[in-house]
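> my questions concern the predicted model and sequence given below.
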Amino acid sequence: MLKFFRHIRQNLLNEGKITKYLKYAIGEIILVVIGILIALSINNWNETKAERKIEKDYIISLIEDLEADTTKLSYVIKRYETSELKIDTVLKMYHKLAMGYNDTLRRNLPAVTSFPDFIYTDRTMQQLKNSGGMRYIVNKKASNGIIDYDLSVKHLLESYIPDLNFYYENTNLLWFEIVDVDALERDSKTLSISDMEKGSKNYLLKNDQATLGKFNNAIRNFKGDLTLIKNTEIDLVQKASNLITLLKIEYQLE
């Protein structure tokens, strides 16, 4: 093709048709530019198509992660609700702790020494961050929603959970300082609950007002933070559900 064009130009020059030669040369340049522009357009179209596929793949993967989060959060929230009820029972009956053995009180006390963990499903989120994948999320509603959700989870995990863990450690330390676990376990193997409740033992290593008051305060702080986190996670479930709906609508996945 190039040889053909050169041949035409050479003939025009040989015939002395300078004006026609110039017009032909300009036309040839225009054709070359048009060809380049068409090639660039096709290349850009292919790149855009490939990027939109990457974007959609990320969104599908993110929805799977969000659905996993809602399942885990719902389970954790139920655990928190159960713990709240048990701790409420402990606080209502706390005055009986030093009076003697009370089976209801003892069965609910372990609720102040544990709490369920929420493990963030951030597989896709890490890919978006570490590989610069967020640049593929060109839908502003989607990108804003994703960033907002991630910040909300991080706030829960980095601010609220450490506070709860602090109170958890306090109640655990006081639990082992106050409760006579050895005596409780030995008697529970040989005595019935009725006999233990009729007995005079309270199974405490310490029962002075200051120590028991400190344990009560720790339980109340633990319960207050636990309730705060539970409510935060309820809001987070709603936020995750709303984001799933948004992503499915924006990317026509339903």
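Done, it's in.

> tell me how many other residues surround the closest residue to Asp103 other than its chain neighbours.
If the residues on either side of it in the chain are set aside, Asp103 comes closest to Ile193, at 4.8 Å by CB to CB, 6 or more residues apart in numbering. No exception for glycine: its C-beta is placed from N, CA and C like everyone else's. Residues lying near Ile193 (other CB atoms under 10 Å) number 14.

> what about Ile193, distance to Leu91?
When CB to CB, to the nearest Å is applied, the distance between Ile193 and Leu91 equals 22 Å.

> next one: Ile178
When CB to CB is applied, the distance between Ile178 and Leu91 equals 15 Å.

> do the same with Tyr168
Applying CB to CB to Tyr168 and Leu91 gives a distance of 16 Å.

> between those two, which one's more packed in?
Neighbours were counted for Tyr168 and for Leu91 using other CB under 10 Å; Tyr168 has more, 19 against 15.

> hang on, that one packs against Phe222?
Yes: here Tyr168 reaches Phe222: they are 6.4 Å apart, a contact under CB atoms under 8 Å.

> host element of Leu253?
Leu253 belongs to no helix or strand when assigned by DSSP states H and E.

> tell me how many other residues crowd it.
The criterion is other CB under 10 Å. On that basis, Leu253 has 12 neighbouring residues.

> Pro162: neighbour count?
Neighbour count for Pro162, taken as other CB under 10 Å: 9.

> in which helix or strand does it reside?
helix 161-178.

> which strands or helices does that helix pack on?
Helices and strands touching helix 161-178, as assessed by 3 or more CB pairs under 8 Å, 6 or more residues apart in numbering; DSSP states H and E, comprise helix 209-250.

> what does stretch 204-220 contact?
Applying CB atoms under 8 Å, 6 or more residues apart in numbering, the external contacts of stretch 204-220 come out as 87, 90-91, 94, 97-98, 112, 167, 170-171, 174-175, 177-180.

> what sits up against whichever helix or strand comes after the helix holding Pro162?
Once helix 161-178 ends, the next helix or strand along the chain (criterion: DSSP H and E) is helix 181-190. Here helix 181-190 makes contact (CB under 8 Å, 6+ apart) with Arg106, Met196, Gly199, Lys201, Tyr203.

> pretty sure the third one is touching Ser192, no?
Spelled out, it's Gly199. No: with contacts defined as CB under 8 Å, Gly199 does not count as touching Ser192, sitting 10.5 Å away.

> which one's more surrounded, these two?
For Gly199 versus Ser192, neighbours defined as other CB under 10 Å are more numerous around Gly199 (13 against 10).

> got a list of what that one touches?
Shown in contact with Gly199 (CB under 8 Å, 6+ apart): Gly100, Tyr101, Asp187, Leu191.

> which of the residues you listed count as buried?
In terms of neighbour count (16 or more other CB atoms under 10 Å), the buried residues within the contacts of Gly199 are Tyr101, Asp187.

> turn the contacts of Gly199 into TSV, columns for distance to Thr211 and pLDDT.
What follows is those, written out as TSV (distance: CB to CB, whole Å; pLDDT from 0 to 100):
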residue	distance to Thr211	pLDDT
Gly100	17	93
Tyr101	18	94
Asp187	22	94
Leu191	26	94
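
> dump the contacts of Gly199 to a markdown table, plus distance to Leu73.
Supplementary listing: these in a markdown table, determined by distance: CB to CB, whole Å:
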| residue | distance to Leu73 |
| --- | --- |
| Gly100 | 40 |
| Tyr101 | 37 |
| Asp187 | 40 |
| Leu191 | 42 |
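
> still on that earlier bit, can you name the two of the contacts of helix 181-190 that sit furthest apart?
Longest distance between any two of the contacts of helix 181-190 is 13.0 Å, between Arg106 and Gly199; criterion CB to CB.

> and the helix holding Pro162 with helix 181-190, angle?
Counting by axes from the mean of the first three to the mean of the last three CA atoms, to 10 degrees, helix 161-178 lies at 70 degrees to helix 181-190.
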